[in-house]
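Visitor: pasting the structure only:
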Ligand SMILES: Nc1nc2c(ncn2[C@@H]2O[C@H](COP(=O)(O)OP(=O)(O)OP(=O)(O)O)[C@@H](O)[C@H]2O)c(=O)[nH]1
Ligand SMILES: [Mg+2]
């Protein structure tokens, strides 16, 4: 029998109190003897030097404690939107979450974004309204905001006294609180007919234990979200929360004897530069010296294992299903990789048997793990990184590659002609963190050029192209015909096969399914840089023609046997021609901005917004503050951010969240390509990506 494990994420808008609450939970469970403070830089989970200096969380961190018979791995996450990718990576390994909301600030932009992701993934979530000790803390007001802006499926779990003072406290309601019982019935009956019927028959007739059971059942299915109140600073309400974490969230038991299956959600480097992978186990047991398959059929030997036991990680000879562990020795492993024995099986078999044991919650593409499937929008900014000492260029490349291992979304790009390195970014704070990390961990001084938006390209019409086997223009031994159609916003790239299955080179790809998967990959790779050099998206690419050549085939198909390289190298040429015919438009990232400004500064702020071309929704008045909402191109948000202190005496607060992409007005911005353009055949053929490989 394995122990019951609960992998619990703590999520919130920046500064809501996640790290402080984590301290409280560890203290309450007896793991630490003293509550650390974010402000003094003494918490368990904000352990990086930079986190302590800045008082914000940058990386997710694991700490564990025991609650009754449940072993909890608590994963503290960063709240700053620049580090949303850290949260993303954690989501797929959670059994449950606590969403922290500040009682003073209430529901904030990031709270909404996080709650939406938690709901999409059906992660059971409790809410903790923190900071009830602070003046200005609300109760009813916050509950109402949660119900209006996050979800109406909530139950307030108790009552508050002395709100807004150091003496504020929270008591859980129970069977004797008639009002609480009515609240429970109302919410639970919406999703349970038995309760509804019993309630209609006799209002007082539903026994309280039945309500508690149903509350647990619906919470575990992420249908209902209990709301707790408290203060991570004074400790108020934390005990109530802890009692119900064990009672209302689903701990996983898993099967330690089943086949090994897990997901990697974090990578870090140890003191001597060795790679450490954080894995959440869904099934089976890993022991040191086991050979472990991961990702796309690689395999390395596990040299050491550490599991989280009461606080930090301790070395152990093995780790079993349900737990989170640090693994050493897996040199080729990447974030998002699946690990497990099943990866050794043929793909067709794997497909059939994988659903038999608990799967990570995020939808997955077998080939790429959880990479490529994103809950949150991608970074919208990029910048060129220049070493201050020119000779450091090679070292910088190595350092950035290592940072990209821990955060693949920084997406290091190298422009071969100018020898420039650029990274993708969510924002200025992330940029500063990268700069500081390069300085302290790698001894590299760097300068960033101006941050610019990352545009995307969308096809605007339908375009078709074909290259026929043996045609003069076709340097490869294959026929590939492709049609490019626009698809709805946000739908990504969809690849479809519309050819007679008998024309497929199945001696190369085994099944039509594998062929489709591989062709889809070639197409996606080619579309990373479109006509204007930006990632192409929101399209359907359909394969309409396919032929290969065989030595004893009919004259039209006779020739050396086609290889996979023929299909791989020909596809980009056809895709790009189809795109060129479809036509594409460059779109820019648009951001929803929420401004909070003192009422008397509105006369300065509104004209400034007008200058940016921002359409402003009617400002709403809250006490002495105006809240203004508007949408702006991401490039403008920076300018606004810079002007805001001057316009508002330094009192204005700007918060932004990604809204979508819109076609740019005016000139189409172009990006220098990092690879040869297949539309320029000579150039393309001179590179290894397109170059003709002589066959024996
Ligand atoms: N008064 C009061 N202050 C709190 C409470 N909880 C946290 N704080 C303060 O709020 C600030 C942010 O707390 P953190 O615990 O770092 O918040 P966080 O959510 O981890 O922040 P990020 O990880 O950077 O998003 C710190 O100054 C804390 O001391 C609380 O219950 N009451
Ligand atoms: Mg934190």
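Guide: Sure thing, it's come through. No experiment lies behind these values; they were computed from the predicted model shown. Ligands and ions are numbered 1, 2, ... in the order given.

Visitor: C-terminal to the strand or helix carrying residue 263, which secondary structure element comes first?
Guide: Secondary structure assignment for residue 263, by DSSP states H and E: strand 261-269. Under the assignment DSSP H and E, the closest C-terminal helix or strand after strand 261-269 is strand 275-283.

Visitor: State the mean pLDDT of that next one.
Guide: In this model, strand 275-283 has an average pLDDT of 93.

Visitor: Within its sheet, name the partner strands of the following helix or strand past that strand and how each one runs.
Guide: The helix or strand immediately downstream of strand 275-283 is strand 285-287, counting by DSSP H and E. Paired strands of strand 285-287, with direction, are strand 318-320 (antiparallel) (DSSP bridges).

Visitor: What pairs with the next helix or strand after the partner strand, parallel or antiparallel?
Guide: The helix or strand immediately downstream of strand 318-320 is strand 324-328, counting by DSSP H and E. Sheet partners assigned to strand 324-328 using DSSP bridges are listed as strand 275-283 (antiparallel), strand 304-308 (antiparallel).

Visitor: So which of those is the most surrounded?
Guide: Ranked by mean neighbour count, these are led by strand 275-283 with a mean of 25 (mean count of other CB atoms under 10 Å). Glycine gets a C-beta too; all of them are placed from N, C-alpha and C.

Visitor: So residue 317 is in contact with residue 286, correct?
Guide: No - when contacts are counted by CB atoms under 8 Å, residue 317 is not listed as touching residue 286 (9.9 Å).

Visitor: Which one's more surrounded, these two?
Guide: The residue with more neighbours, out of residue 317 and residue 286, is residue 286; 23 against 10, by other CB atoms under 10 Å.

Visitor: Can I get the strands paired with strand 324-328 in a markdown table including distance to residue 673?
Guide: Below are those laid out as a markdown table (distance: least, CB to CB, whole Å):
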| stretch | distance to residue 673 |
| --- | --- |
| strand 275-283 | 31 |
| strand 304-308 | 43 |
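
Visitor: got a list of what the residue in the stretch 401-550 of the chain positioned nearest to ligand 2 touches?
Guide: Nearest residue of the stretch 401-550 of the chain to ligand 2: residue 429, at 13.3 Å (CB to the ion). Applying CB atoms under 8 Å, 6 or more residues apart in numbering, we find residue 429 in contact with 56, 80, 82.

Visitor: Can you tell me the element it falls in?
Guide: helix 428-442.

Visitor: Please pull up the helix or strand immediately following the helix-or-strand element of the chain with minimal mean pLDDT.
Guide: Lowest on mean pLDDT, DSSP states H and E among the helices and strands of the chain sits helix 347-353, with a mean of 47. Counting by DSSP H and E, the element after helix 347-353 in chain order, helix or strand, is strand 381-387.

Visitor: between that following strand and helix 428-442, what angle do the directions make?
Guide: If you take axes from the mean of the first three to the mean of the last three CA atoms, to 10 degrees, strand 381-387 sits at 30 degrees to helix 428-442.

Visitor: Name every strand pairing with strand 381-387 and say which way it goes.
Guide: Sheet pairing for strand 381-387, using DSSP bridges, gives strand 420-425 (antiparallel), strand 446-448 (antiparallel), strand 452-453 (antiparallel).

Visitor: Need the ones you listed in JSON lines (columns: mean neighbour count).
Guide: Listed next are the strands paired with strand 381-387 as JSON lines, based on neighbours: other CB atoms under 10 Å:
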{"stretch": "strand 420-425", "mean neighbour count": "21"}
{"stretch": "strand 446-448", "mean neighbour count": "16"}
{"stretch": "strand 452-453", "mean neighbour count": "18"}
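
Visitor: quick one: which of those strands is nearest ligand 1?
Guide: strand 420-425 (17.7 Å; CB to the nearest ligand atom).

Visitor: Spit out the contact partners of the closest residue to residue 319 other than its chain neighbours.
Guide: Spatial nearest neighbour of residue 319, chain neighbours left out: residue 325 (3.9 Å); criterion: CB to CB, 6 or more residues apart in numbering. Counting by CB under 8 Å, 6+ apart, residue 325 makes contact with 278-279, 281, 286, 305-308, 313, 316, 319.

Visitor: Residue 325 bridge partners, please.
Guide: residue 279, residue 307.

Visitor: pLDDT value on it, please?
Guide: We have a pLDDT of 94 for residue 325.

Visitor: Quote the end-to-end distance of stretch 375-392.
Guide: Chord length of stretch 375-392, first to last residue, is 36 Å (CA to CA, to the nearest Å).

Visitor: quick check: mean pLDDT across it?
Guide: Averaged across stretch 375-392, the pLDDT comes to 91.

Visitor: Overlap of the contact sets of residue 317 and residue 286?
Guide: residue 305.

Visitor: near ligand 2, which residues of the stretch 351-500 of the chain?
Guide: Residues of the stretch 351-500 of the chain lying close to ligand 2 (CB under 5 Å from the ion): none.

Visitor: Tell me which residue in the stretch 351-500 of the chain sits closest to ligand 1.
Guide: For the stretch 351-500 of the chain, CB to the nearest ligand atom, closest residue to ligand 1: residue 429, 10.0 Å.

Visitor: related to what we said a few turns ago, can I get the contacts of residue 325 in a markdown table including distance to ligand 2?
Guide: Below are those laid out as a markdown table (distance: CB to the ion, whole Å):
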| residue | distance to ligand 2 |
| --- | --- |
| 278 | 18 |
| 279 | 23 |
| 281 | 26 |
| 286 | 30 |
| 305 | 27 |
| 306 | 23 |
| 307 | 23 |
| 308 | 18 |
| 313 | 19 |
| 316 | 28 |
| 319 | 26 |
